[in-house]
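>>> need a structure here:
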Amino acid sequence: MISSNEATRMTRQSGVDIEHWDPENETFWKREGSRIANRNLWISIPSLLCGFAVWLMWGIITVQMANAGFPFSPEELFSIAAISGLAGATLRIPASFFIRICGGRNTVWLTTALLMIPAAGTGFALQSTATPLWVFQLLALLSGIGGGNFACSMSNISTFFPKSKQGTALGLNAGLGNFGVTTSQLLIPAVMTVGVFGLIAGDPIPLVRDSATLIGRIEAGTPTWVQNAGFVWLALLVPLAVIGWFGLNNLKTVSPNIGSTATAFGRILLFYGVALVVSAIGLYLYLPAPTGLGILSGNGMWLVPPLVIVGTLFAMKAVATGEMKTNLNKQFAIFSNKHTWSMTALYVVTFGSFIGFSMALPLSITVIFGDQHIFDPVTETWTHIKNPNAPSALMYAWIGPFVGALIRPLGGWMSDKLGGSIVTQWISIVLVVASAVTGYVMHLAYQSATPEQYFFVFMALFIVLFAASGIGNGSTFRTVGYVFDQNQRGPVLGWTSAVGGYGSFIAPVVIGAQIRAGTPEYAMYGFAAFYAVCLILNWWFYLRKHAYIKNP
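The predicted model follows:
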């Protein structure tokens, strides 16, 4: 028999706002908690997938922009991908605090619906090769909305599941959500070949050079609808907006004072607006003229992420008022916990690698293997000519992110069985070795007249890197679930994912700079050294004999 109190609670569960939530109570979980949690999870996953796709679509769009004759240099194309990376990581900072002050349903729905703006804008901008560079840079900045989605999505899902199931739930949410990277790299080249959006898409643009994709080779002169790369996401985002509006929930035990839906939306737009403005200022200082001042270009790029992070945090506190400011101050308490900083570094190793390599790999394939590199011993100079046997980035770049996303739930499951930190330790060792060897192979390819002979070794090593980072994504999130309590877990998940997201800015910039310098291997050697440092950090905090918390 169900008591009247229990019946009342169950009635309350049927609305948008859920008053009672106790996932650690086995009876509650079996009776109703599991059903509600899984419904929110399976709406969250495709929403997050679209967020990743829109955020990271520039890695593949820029390749096809070059094929379609957009008049931008490789450095400018790398900068577009880096801009979306920086914005996405920065928007994760406010997004990591949204669930408590705005509610899970309100946050996930609005941040997903906002993706329609950069998706549609990109479609219209790609209709003409005369569109100026600053328009694409602005749209890349707005694409960062998709990057912010991850922090609030993971923070939200962590509140629905008991600790014993968080590794698997978070692994599914993040792992299947990460398929947005692969989805964009497969779907965008496919939809560019047909006029599926009619008059909305406008006239096709002929390619100026050959392009090979999974669906076949496209010869120069072939009309293509590169603009479909933006419009295609609207076909997913519109129905998702309807499903999310009616199917998602706010947990009042987690978000007790969110107020009305309109109030929650206002807070999200305010903090996202602040983060976008701070990101734009940081990029203005970094990007060269005529777009920016360029005073932080070159090695100054290492200052951009910390300046933007600090600027965003201070700006958020400055604009917050009343109860919103009180809630933020409570959540800022995570910064006094040493485990926040250790887990931040470890998440940079895993997710930072995954997202950074996803952004940089397509253009890296194009630049390193697209030319024959011939050294003239007389003049002691290198000549780079088009490689007729060059592999296609559009054909191969999707494989690494696909493997990394596919294997991520396995990392959560393994960590539930073995402990998160021991899994993180082993994948860190793999990352150190694979990064160093990948750097050496890149060195050989970049100094070869037949670089294609090294391509499949190069790709195999990158697949190992993606697989290791994917498993590590699951293991580090599982560790966060055990180290932090209910009040801090969500903000820490969001914060670590925010800092890790800066890998999507760092990797394209570092790899692009080293390719231009003729030493692409130095980028990978640097990553290997960082992984080695974090391997020691993980051992010190969580695996040594007197660790602070043993193998969480």
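>>> all strands of the stretch 201-350 of the chain, in order?
205-206, 211-213, 216-218, 223-224, 250-251 (DSSP state E, counting those that start in this stretch).
>>> which of those sits most buried?
strand 250-251 (a mean of 24; mean count of other Cβ atoms under 10 Å). The C-beta positions use only the backbone N, C-alpha and C, and glycine is treated the same way.
>>> which residues touch it?
Val16, Asp17, Ile18, Trp21, Gly103, Gly104, Arg105, Asn106, Thr159, Phe160, Ile258 (Cβ atoms under 8 Å, 6 or more residues apart in numbering).
>>> Also stretch 542-551?
338-339, 342, 419-422, 425, 479, 482-483, 540-541, 552.
>>> For the residue nearest to Phe161 when sequence neighbours are not counted, give its distance to Gly147.
Computed as Cβ to Cβ, 6 or more residues apart in numbering, the closest residue to Phe161 that is not its neighbour in sequence is Ala169, at 4.4 Å. Counting by Cβ to Cβ, to the nearest Å, the gap from Ala169 to Gly147 is 21 Å.
>>> if we can go back for a sec, mind checking which of the contacts of strand 250-251 are buried?
The neighbour count (16 or more other Cβ atoms under 10 Å) marks Asp17, Ile18, Trp21, Gly103, Gly104, Arg105, Asn106, Thr159, Phe160, Ile258 as buried among those.
>>> So for stretch 163-176, mean pLDDT?
The average pLDDT within stretch 163-176 is 78.
>>> any idea of the mean pLDDT for stretch 118-132?
Mean predicted lDDT for stretch 118-132 stands at 94.
>>> which parts of that stretch are buried?
In terms of neighbour count (16+ other Cβ under 10 Å), stretch 118-132 has its buried residues at Pro118, Ala119, Ala120, Gly121, Thr122, Gly123, Phe124, Ala125, Leu126, Gln127.
>>> Closest one of those residues to Ser47?
Distances from the buried residues of stretch 118-132 to Ser47 were compared by Cβ to Cβ; the smallest belongs to Ala119, at 13.5 Å.
>>> Quickly name whichever of the contacts of stretch 542-551 is closest to Gln137.
The closest of the contacts of stretch 542-551 to Gln137 turns out to be Ser342 (Cβ to Cβ; 34.9 Å).
>>> Now name the helix or strand holding the nearest residue to that closest one once chain neighbours are set aside.
Excluding its sequence neighbours, the residue lying closest to Ser342 (Cβ to Cβ, 6+ apart) is Phe541, at 4.7 Å. Phe541 belongs to helix 521-542 when assigned by DSSP states H and E.
>>> Give me the distance from that helix to the chain's centre.
The chain centroid and the centroid of helix 521-542 are separated by 21 Å, computed with Cα atoms, centre = their mean, to the nearest Å.
>>> Return the closest of the buried ones among the contacts of strand 250-251 with respect to Leu269.
The closest of the buried ones among the contacts of strand 250-251 to Leu269 turns out to be Asn106 (Cβ to Cβ; 11.3 Å).
>>> Now do the same contact list for the closest one.
Counted by Cβ under 8 Å, 6+ apart, Asn106 has contacts Asn250, Ile258, Thr261, Ala264, Phe265, Ile268.
>>> May I ask which of these comes out lowest in pLDDT?
Lowest pLDDT among the contacts of Asn106: Ile258, 85.
>>> show me what contacts that one?
Residues in contact with Ile258 (Cβ under 8 Å, 6+ apart) are Ile101, Cys102, Gly103, Asn106, Asn250, Ala264.
>>> Make TSV from those residues and add distance to Ile205 to it.
Listed next are these as TSV, based on distance: Cβ to Cβ, whole Å:
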residue	distance to Ile205
Ile101	44
Cys102	41
Gly103	43
Asn106	40
Asn250	45
Ala264	41
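>>> pLDDT wise, what is the residue nearest to Thr183 when sequence neighbours are not counted at?
In this structure, Thr183 finds its nearest non-sequential neighbour in Ala53, 5.2 Å apart by Cβ to Cβ, 6+ apart. Ala53 is assigned a predicted lDDT (pLDDT) of 92.
>>> now do the one 3 residues further on
With respect to pLDDT, Leu56 scores 84.
>>> quick revisit: where among the strands of the stretch 201-350 of the chain is average confidence lowest?
Sorting the strands of the stretch 201-350 of the chain by mean pLDDT places strand 211-213 lowest, at a mean of 66.
>>> Point out where the protein drops to low pLDDT.
Residue ranges of the chain with pLDDT under 70: 1-14, 212-216, 323-324, 327, 494.
>>> about what we covered before: which one, of the strands of the stretch 201-350 of the chain, ends up nearest to Ala434?
strand 211-213 (26.5 Å).
>>> hang on, the earlier thing: would you list the contacts of Asn106 in a markdown table and tack on distance to Trp382?
Shown next, in a markdown table, are the contacts of Asn106 (distance: Cβ to Cβ, whole Å):
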| residue | distance to Trp382 |
| --- | --- |
| Asn250 | 59 |
| Ile258 | 59 |
| Thr261 | 60 |
| Ala264 | 56 |
| Phe265 | 54 |
| Ile268 | 50 |
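>>> Just the closest of those residues to Arg31, please.
Asn250 (20.2 Å).
>>> residues touching the closest residue to that closest one other than its chain neighbours, list them.
Counting by Cβ to Cβ, 6+ apart, the nearest residue to Asn250 once its immediate chain neighbours are dropped is Gly103, at 3.5 Å. Under the criterion of Cβ under 8 Å, 6+ apart, the neighbours of Gly103 are Asp17, Asn250, Leu251, Ser255, Ile258, Ala264.
>>> how about those residues, which pair is most distant?
Leu251 and Ala264 (13.3 Å).
>>> a helix runs through Ile385, doesn't it?
No. Counting by DSSP: H, G, I helix; E, B strand; the rest coil, Ile385 falls outside a helix, being strand.
>>> can you tell me which two in the contacts of Ile258 are farthest apart?
Farthest pair in these, by Cβ to Cβ: Ile101 and Asn250, 11.4 Å.
>>> neighbours around Glu26, how many?
By the criterion of other Cβ atoms under 10 Å, Glu26 has 12 neighbours.
>>> From Ser164, how far out is it?
10 Å.
>>> cool, Ala507 as well?
Taken as Cβ to Cβ, the span from Ala507 to Ser164 is 35 Å.
>>> ok, these two, which is more surrounded?
With neighbours defined as other Cβ under 10 Å, Ala507 and Ser164 compare such that Ala507 has more, 26 against 13.
>>> show me the contacts for that one.
By Cβ under 8 Å, 6+ apart, the contact set of Ala507 is Gly85, Gly352, Ser353, Ile355, Gly356, Phe357, Met359, Ala360, Ala523.
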